[in-house]
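Novice: quick one, fold the following:
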Amino acid sequence: MNFISKIKKALRGEVDTRAAAQEAARRAKETLEQRRERASLDRLNDQPARLREEFARIRASDLLAHFRSRVRPKFFPGFDNPKQTADLQRQFFPRETDDLIARANRIVDEHCWPLLGFGEKCFGKEEIQWNRDQLSGFDWPLDYHADLELIRNDGSDARVVWELNRLSQLVTLGRAYAVTNDERLSREFRRQLGSWHTQNPVGRGINWSCAMEVALRAMNLLAAFALFLHSPQLDEFALKDLLQMFDQHGAHIQRNLEFSHIATSNHYLCDIAGLLWLGVLLPELEAATEWREFGLRELLAEMNKQVLPDGADWEAATGYHRLKAEVFLYSFVLCHLNGIDIEEKYWVKLREMIEYMRAYLRPDGRAPLLGDSDSGRILALADRAADDHEYVIGLGATVFQDSNLKIQNSKLPEEVLWILGERGVTDFDRLHHSAAPASSDFPNAGIYVLREGDLYLLFNAGDVGMNGRGSHGHNDALSVEVSAGGVPFIIDPGSYVYTANLSERHLFRSTAYHSTVQVDGEEQNSIDETVPFLIGNEAKPRVLKCEIGSETDVIVAEHDGYQRISSPVTHRRTVRFEKTNRYWNIEDELIGEGTHELAFRFHVAPGIETRVKSDDIVELRDKANDARLVIRCQKPDTGWGGEGGPVSLPLPELESQFSSTDYGAKEESVSACWKINTTLPFGLRFQLIPICAGEDERERLRMVSLPGAIATV
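Specialist: I've put the predicted structure just below:
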């Protein structure tokens, strides 16, 4: 096998020979560049900021005065006018402001703050230990960044250390400083900068191992810089150190861009956004123009590549859709503020991204966590769990001044104040609330949302993403999410963790953890527990029929994920939404030959009381709202199941599983599972029937009559 063939095999998906050859050449060049970088680490670490000539020759005190007095470039209005923003923060967010100050004090006094879904963590009493994994206690060595093995499977998690080193806590300190003018906060800002710079020499250790993380850290540093710029603690010496850090970050990103001719992802997108921000906001740097022009050009090119024609992210993961929507939204606003023109077609595509989010948001205001989510964000201006996407929609509604995007009863997000300033607050308040969205289809993403009022079903007929190259997709082909009465009953389990526990990582992306059908215990797409960011592309779901109507919606799709087993099987699923009678029909057909073990699962949300009432009835109940969802399984006709089919259904099992709504957090949940060993072809029908508080269950089930035999398409 030649080198190009090996590249194609390793990278999978739809890869042509030319792209494979280009990628092989790029990797060879990358190896040479890393040799040069490795040999230059000491020089790169000691090199002062490379300023443009007119700024390099002026006195340090004059350079500081320049930064404090300049009116261009402009950062986000909330940061550029912190005193006015602080007054509005207290006015509109009094409770959140108290929490902000308390959190900032906790950072100063104990070096403790919340970390992802792990709760509050403390990072060193006297001095923060920037290279220590607080969960496992592992200290990452200061080896050359490209030499580090990031997947250790010993409880350590690079993602946890990276989150600490994105330095979002410095933005927390800065926002609290704007409100209080407490110089303790600015002194802590300077102390943390100094200790970080000392403990993280350029190019060495975990905090330089991923250019995306370097870029996100630079963005947070730019935000903190704006907030502390006028503090007495930010003197000419602190400015010198900061400018050196900014220049080092930009240069490192440029040397280590996460580009590939095969497929680019959220990593490369953040790389180039970081260069764009540095180039726009620090024109005093020698490389600023190059970074700005390259960053903007590549950002728009990646929007064309990574955002599908229907507005969805091509990585098949709603968590990364949120991250990318932030990247484009914040970056476009930053460019607009600084007179950088962006063609209308890109604003249209950004709006489509927000519209997609508006469509998939459940009636409870939370997002389905399809595919991976690591809770990543650009600027953490408020506490947001991974399934909280509403604030991005609110910010988008304000930017586009579009009432159709403003969610009913939604509150002003803090992000609107800090990103858009006082005018943004006024614009948000003027928007009318829109009605709940209707059923909608996103054929490029393979996502179909069948909804009416408080009823919501999301049908996932999407592939693993990135033209079959997917690294963040899950084995969730033909799975569903179901919500009724504002209560999510059947959900996607989320992600939990990545490399800290490879076994758990495997479970959360497995077929058995999703509300679909599993055959013979096999995975829909091949996955390997030891390789946590690779997934096969065998299923290739396809939609056979899509009808969105005023009274009924019908989606029919199938996949070939089980064609590779010894006796091949095709899974076809039909979802029919009866809007007038308020229920969904789900018909599963398993087409093939031979005897197989079939598992029909529905992954229940945490906190939902789940009872098996009979072989054909499972009741899901939310005690707080007395809302229920009944899953009724129709016994198969004799025409299905080979010679006569099974006489009766087995009792469904309640399998113990977990769900996660934030990286590092998980809660106990169950799956209702019907397991049947039968010959093919075979089919089952399920009815998902919402029952309102006070409604008689028997009468409701009687009114929803069972249809006749399952019919193939």
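
Novice: please tell me how far A224 sits from D662.
Specialist: Noted for A224: a distance of 24 Å to D662, by CB to CB, to the nearest Å. Every residue, glycine included, has its C-beta placed from N, CA and C.

Novice: ok, those two, which is more surrounded?
Specialist: A224 (26 against 21; other CB atoms under 10 Å).

Novice: the more buried one contacts S168, correct?
Specialist: No - with contact defined as CB atoms under 8 Å, A224 does not reach S168; the gap is 9.1 Å.

Novice: per-domain residue ranges of the protein.
Specialist: In terms of domains, the chain is parsed into 1-39, 56-253, 307-437, 440-703 (source: automatic domain parsing).

Novice: mind putting these into JSON lines with distance to S260 and mean pLDDT?
Specialist: JSON lines is the format used below for those (distance: least, CB to CB, whole Å; pLDDT from 0 to 100):
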{"stretch": "domain 1-39", "distance to S260": "6", "mean pLDDT": "77"}
{"stretch": "domain 56-253", "distance to S260": "13", "mean pLDDT": "97"}
{"stretch": "domain 307-437", "distance to S260": "14", "mean pLDDT": "97"}
{"stretch": "domain 440-703", "distance to S260": "9", "mean pLDDT": "94"}
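
Novice: run the chain-centre distance for stretch 679-691.
Specialist: Relative to its parent chain, stretch 679-691 has a centroid offset of 32 Å by CA atoms, centre = their mean, to the nearest Å.

Novice: CA atoms only for that stretch - export them in CSV, please.
Specialist: Only the C-alpha atoms of stretch 679-691 are listed here, as CSV (Å, rounded to 0.1, in the frame of the first residue of the first chain):
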residue,chain,number,x,y,z
THR,A,679,-36.4,-14.1,11.9
LEU,A,680,-36.5,-11.3,9.3
PRO,A,681,-38.3,-9.5,7.9
PHE,A,682,-39.8,-8.1,11.0
GLY,A,683,-41.5,-4.9,12.1
LEU,A,684,-42.8,-3.1,15.2
ARG,A,685,-44.9,0.0,15.6
PHE,A,686,-44.7,2.3,18.6
GLN,A,687,-47.1,5.1,19.5
LEU,A,688,-45.9,8.0,21.6
ILE,A,689,-48.9,9.4,23.3
PRO,A,690,-48.7,12.6,25.5
ILE,A,691,-51.2,12.7,28.4
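
Novice: would you confirm that D154 contacts S136?
Specialist: Yes - taking contacts as CB under 8 Å, D154 lies within contact range of S136: 6.7 Å.

Novice: quick check: buried residues in stretch 451-463?
Specialist: Going by neighbour count (16 or more other CB atoms under 10 Å), the buried part of stretch 451-463 is R451, E452, D454, L455, Y456, L457, L458, F459, N460, A461, G462, D463.

Novice: tell me the one of these nearest A512?
Specialist: Sorting those by how near they are to A512, with CB to CB, puts N460 at the top with 15.7 Å.

Novice: mind listing what the closest residue to the closest one other than its chain neighbours touches?
Specialist: Leaving aside its chain neighbours, N460 sits nearest to S479 (4.9 Å; criterion: CB to CB, 6 or more residues apart in numbering). Taking CB atoms under 8 Å, 6 or more residues apart in numbering as the definition of contact, the neighbours of S479 are F459, N460, D492, H514, S515, T516.

Novice: from Y448, how far off is S479?
Specialist: The span separating S479 from Y448 equals 12 Å under the rule CB to CB.

Novice: around S660, how many other residues sit close by?
Specialist: Number of residues near S660 (other CB under 10 Å) recorded here: 26.

Novice: which elements pack onto the longest strand belonging to the chain?
Specialist: Ranked by residue count, the top strand of the chain under DSSP state E comes out as strand 665-679. With contacts defined as 3 or more CB pairs under 8 Å, 6 or more residues apart in numbering; DSSP states H and E, the secondary structure elements packing on strand 665-679 are strand 595-603, strand 609-614, strand 653-662, strand 682-691.

Novice: got TSV for the ones you listed, with distance to R292 too?
Specialist: Compiled in TSV, the helices and strands packed on strand 665-679 are given as follows (distance: least, CB to CB, whole Å):
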stretch	distance to R292
strand 595-603	46
strand 609-614	54
strand 653-662	34
strand 682-691	52
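
Novice: between those strands, which gets nearest to A20?
Specialist: Scanning those with CB to CB as the criterion, the closest one proves to be strand 653-662, at 35.9 Å.

Novice: check which residues of the closest one are buried.
Specialist: Of the residues in strand 653-662, those scored as buried under the neighbour-count criterion (16+ other CB under 10 Å) are E655, Q657, F658, S659, S660, T661, D662.

Novice: next: stretch 326-336.
Specialist: Using 16+ other CB under 10 Å, the residues of stretch 326-336 that count as buried are E326, V327, F328, L329, Y330, S331, F332, V333, L334, C335.

Novice: again, but for stretch 169-176
Specialist: If you call a residue buried by 16+ other CB under 10 Å, then stretch 169-176 has these buried ones: Q169, L170, V171, T172, L173, G174, R175, A176.

Novice: dump the C-alpha coordinates for that stretch into CSV.
Specialist: What follows is stretch 169-176 as a C-alpha-only set of coordinates in CSV (Å, rounded to 0.1, in the frame of the first residue of the first chain):
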residue,chain,number,x,y,z
GLN,A,169,-11.8,33.6,34.7
LEU,A,170,-9.8,36.7,33.8
VAL,A,171,-12.9,38.0,32.0
THR,A,172,-14.9,37.3,35.2
LEU,A,173,-12.4,39.4,37.1
GLY,A,174,-12.6,42.1,34.5
ARG,A,175,-16.4,42.3,34.5
ALA,A,176,-16.4,42.4,38.3
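
Novice: could the buried residues of stretch 326-336 go into a markdown table alongside secondary structure and distance to Q89?
Specialist: Putting those into a markdown table (DSSP: H, G, I helix; E, B strand; the rest coil; distance: CB to CB, whole Å) gives the following:
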| residue | secondary structure | distance to Q89 |
| --- | --- | --- |
| E326 | helix | 20 |
| V327 | helix | 24 |
| F328 | helix | 26 |
| L329 | helix | 21 |
| Y330 | helix | 19 |
| S331 | helix | 24 |
| F332 | helix | 24 |
| V333 | helix | 19 |
| L334 | helix | 21 |
| C335 | helix | 25 |
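
Novice: ok, the buried residues of strand 653-662 vs T198, which is closest?
Specialist: D662 (31.7 Å).

Novice: measure the residue lying closest to the closest one once chain neighbours are set aside to G664 for me?
Specialist: Excluding the flanking residues, the one nearest D662 by CB to CB, 6+ apart is G117, at 3.1 Å. To G664, G117 is 4 Å away according to CB to CB.
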